[in-house]
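Enquirer: below is the structure, and that's it, no one-letter string:
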């Protein structure tokens, strides 16, 4: 028997937060090694600097600091007795590459650059990186001083190769490569690779998880093998939300799945697998064997290391994937993004002009969903969420007891009434919705503000504009409507900046709340 335990993870990495990213990577490795007893750990794409660095990938500092973080991983016992697959940018022969580095026992075993870049939709990877075009070729990469000075390793293999340990063969695929028609995992599987790790930076789109699952299931169902998928989670400093959902598949069966929407910074999942199941699955497929005999071998880095653990006997059973309904994705994805953005900005909460209409009500519901997720994490005793809540609210010893209590500290709403045009039904709906969510709500009037603009125009020009219903022109009608809308906007920002003076719990310098709207 060849029984191995493999771990993958969701990580909430922040662009250019090298110290924080290092801490989260080390903690995920610690959990994989100590808690899950794994000897292989996979992390997200570009997890060291953060995937969303954008044009900072054009700066030499980003590469230098990434190597400094890698040196910290190699400096102590973090990588002892566990293969760690981490993501970082590498400058090779003065060309920028998006790479995976496979580490073991304080050494770099292999640096594998990305072969096919993501360049459609929200992705612009070719602006910062080049694809590695020398398929099935390895070169020598001379390591920087910060690595050479540690344990005497001067260089590492760089290119499209595989890693052979004593009892199995490991390959690499990176994010977009899974989505390409001729994915690398096809050739890797035919070449005898039994374990493939995919470190990804894949953002959330409705139903995109179903596509990922179909691709990974199809890859292992048709060709056999174990496929691990790791992903960035939450926002990385931009407008995208990365939805995690790390997975492990074997021969078309799901063995482990992480959460798709979570406010946890670190989530590690693992599976214990019998590799003989992979070998038997492949050996009984005559057509696969025929194609495998025609496959050109990959250049191989051989390592004297046993991935198998003879003391593990409880194999992971297959399970059904959890795929949320579209309504659940809509409620949870933006809610997670809002929380991540709030705590990173270190602002005091959110302000929303609640009109009683569908648009602002939807935004309020998303913030309410965020508060429910926070309460759920607190019930699960997540110390980081409690620490961040206390930081955002500036209440050091606060432990909330309900999601409404959280909302009362994080969401301020106001119904901005224009008595001549506003209806009682919208006022009642806004008030009721704010109460159900738990928001701190105010009713304000803007007719005096709008009238002041109209009177100033009359004083300066002699023109008294009227609404069309009262005999005014189309231009007058539009201008008066715009005054109402712009008055609401100005009042919203004014309230967002000054409500801290009203709420004595939150008196702190530079502590406004963020305006949210549609």
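Expert: Perfect, thanks for sending it. These figures come from a predicted structure and were not determined experimentally. Numbers count the residues shown, from 1 in each chain.

Enquirer: residue 140 sits in which helix or strand?
Expert: Secondary-structure assignment from DSSP states H and E places residue 140 in strand 138-142.

Enquirer: so for the helix or strand following that strand, what gets flagged as buried?
Expert: Counting by DSSP H and E, the element after strand 138-142 in chain order, helix or strand, is helix 145-151. The neighbour-count check on helix 145-151 (16 or more other CB atoms under 10 Å) flags 146, 147, 150 as buried. C-beta coordinates here come from the backbone N, C-alpha and C atoms, glycine included.

Enquirer: show me what the following helix or strand past helix 145-151 is packed up against.
Expert: Scanning forward in sequence from helix 145-151, with DSSP H and E defining helices and strands, the next element found is strand 155-159. When contacts are defined as 3 or more CB pairs under 8 Å, 6 or more residues apart in numbering; DSSP states H and E, strand 155-159 packs onto strand 107-113, strand 138-142.

Enquirer: which one of those lies closest to residue 349?
Expert: For residue 349, the closest of the helices and strands packed on strand 155-159 is strand 107-113, at 43.3 Å, according to CB to CB.

Enquirer: the closest one versus strand 138-142: what angle between them?
Expert: If you take axes from the mean of the first three to the mean of the last three CA atoms, to 10 degrees, strand 107-113 sits at 120 degrees to strand 138-142.

Enquirer: relative orientation of strand 107-113 and strand 155-159 in degrees?
Expert: When the same axes, to 10 degrees is applied, the directions of strand 107-113 and strand 155-159 differ by 30 degrees.

Enquirer: how far off centre is strand 107-113?
Expert: Strand 107-113 has its average C-alpha position 24 Å from the chain's average C-alpha position, going by CA atoms, centre = their mean, to the nearest Å.

Enquirer: neighbours around residue 348, how many?
Expert: The local packing count at residue 348 equals 24, with neighbours defined by other CB atoms under 10 Å.

Enquirer: on that earlier part again, let's have the helices and strands packed on strand 155-159 in JSON lines, adding distance to residue 214 and mean neighbour count.
Expert: What follows is the helices and strands packed on strand 155-159, written out as JSON lines (distance: least, CB to CB, whole Å; neighbours: other CB atoms under 10 Å):
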{"stretch": "strand 107-113", "distance to residue 214": "25", "mean neighbour count": "23"}
{"stretch": "strand 138-142", "distance to residue 214": "32", "mean neighbour count": "16"}
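
Enquirer: so which of the ones you listed is nearest residue 188?
Expert: Distance to residue 188, taken as CB to CB, is lowest for strand 107-113 among those, at 11.1 Å.

Enquirer: let me know the average pLDDT across the closest one.
Expert: Mean pLDDT, strand 107-113: 98.

Enquirer: so which elements touch it?
Expert: Under the contact definition 3+ CB pairs under 8 Å, 6+ apart, strand 107-113 sits against helix 60-75, strand 83-92, strand 95-104, strand 155-159.

Enquirer: and the helix or strand following the last one, how far out from the chain middle?
Expert: What it means is strand 155-159. For strand 155-159, the succeeding helix or strand toward the C-terminus, using DSSP H and E, is strand 162-164. Once both centres are worked out by CA atoms, centre = their mean, strand 162-164 turns out to sit 29 Å from its chain's centre.

Enquirer: show me what strand 162-164 packs onto, helices and strands only.
Expert: Judged by 3+ CB pairs under 8 Å, 6+ apart, the packing partners of strand 162-164 are strand 169-173, strand 300-302.

Enquirer: can you read off the backbone torsions of residue 137?
Expert: Backbone torsions for residue 137, taken as degrees, to the nearest 10, come to phi -140, psi 140.

Enquirer: meant to ask about residue 350
Expert: phi -130, psi 150.

Enquirer: any idea of the pLDDT on it?
Expert: According to the prediction, residue 350 has pLDDT 95.

Enquirer: beta partners for it?
Expert: According to DSSP bridges, the residues that bridge with residue 350 are residue 411, residue 514.

Enquirer: how close does it sit to residue 330?
Expert: With distances defined as CB to CB, to the nearest Å, the gap from residue 350 to residue 330 amounts to 18 Å.

Enquirer: these two - which one has more neighbours?
Expert: Neighbours were tallied for residue 350 and for residue 330 using other CB under 10 Å; the higher tally belongs to residue 350 (24 against 16).

Enquirer: hang on, the earlier thing: and the buried residues of helix 145-151, which is closest to residue 294?
Expert: Proximity of the buried residues of helix 145-151 to residue 294 was ranked by CB to CB; the top entry is residue 147 with 38.8 Å.

Enquirer: which ones are touching the closest one?
Expert: 67, 70, 71, 74, 108, 153 (CB atoms under 8 Å, 6 or more residues apart in numbering).

Enquirer: which one of those residues sits in the busiest neighbourhood?
Expert: Looking at these with neighbours defined as other CB under 10 Å, the largest count falls to residue 70 at 24 neighbours.

Enquirer: least trustworthy helix or strand in this structure by mean pLDDT?
Expert: Every helix and strand of the chain was ranked by mean pLDDT, DSSP states H and E. The lowest is helix 474-502, at a mean of 86.

Enquirer: on that earlier part again, and among the helices and strands packed on strand 162-164, the most buried is which?
Expert: Of all those, strand 169-173 carries the top mean neighbour count, a mean of 26, counting by mean count of other CB atoms under 10 Å.

Enquirer: and that strand, what's its mean pLDDT?
Expert: For strand 169-173, mean pLDDT is 98.

Enquirer: one step back: which of the helices and strands packed on strand 162-164 sits closest to residue 243?
Expert: Between residue 243 and these, the shortest separation by CB to CB is 19.1 Å, and it involves strand 169-173.

Enquirer: just checking, what packs against the closest one?
Expert: On a contact count with 3+ CB pairs under 8 Å, 6+ apart, strand 169-173 meets strand 95-104, strand 162-164, helix 184-190, strand 195-200.

Enquirer: what's the burial count for residue 290?
Expert: Residue 290 - counted by other CB under 10 Å - has 9 other residues nearby.

Enquirer: part of a helix, is it?
Expert: Yes - the assignment for residue 290 by DSSP: H, G, I helix; E, B strand; the rest coil puts it in a helix.

Enquirer: give me the pLDDT for it.
Expert: Confidence for residue 290, expressed as pLDDT, is 94.

Enquirer: roughly how far apart are it and residue 280?
Expert: The spacing between residue 290 and residue 280, counted by CB to CB, is 18 Å.

Enquirer: what segments of the chain are helices?
Expert: 18-30, 60-75, 145-151, 184-190, 208-223, 275-283, 286-292, 326-345, 358-379, 383-393, 403-410, 424-437, 447-461, 474-502 (DSSP state H).

Enquirer: rewinding a little: turn the buried residues of helix 145-151 into TSV, columns for pLDDT and distance to residue 81.
Expert: Rendered in TSV, the data for those read as follows (pLDDT from 0 to 100; distance: CB to CB, whole Å):
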residue	pLDDT	distance to residue 81
146	97	24
147	97	20
150	95	18
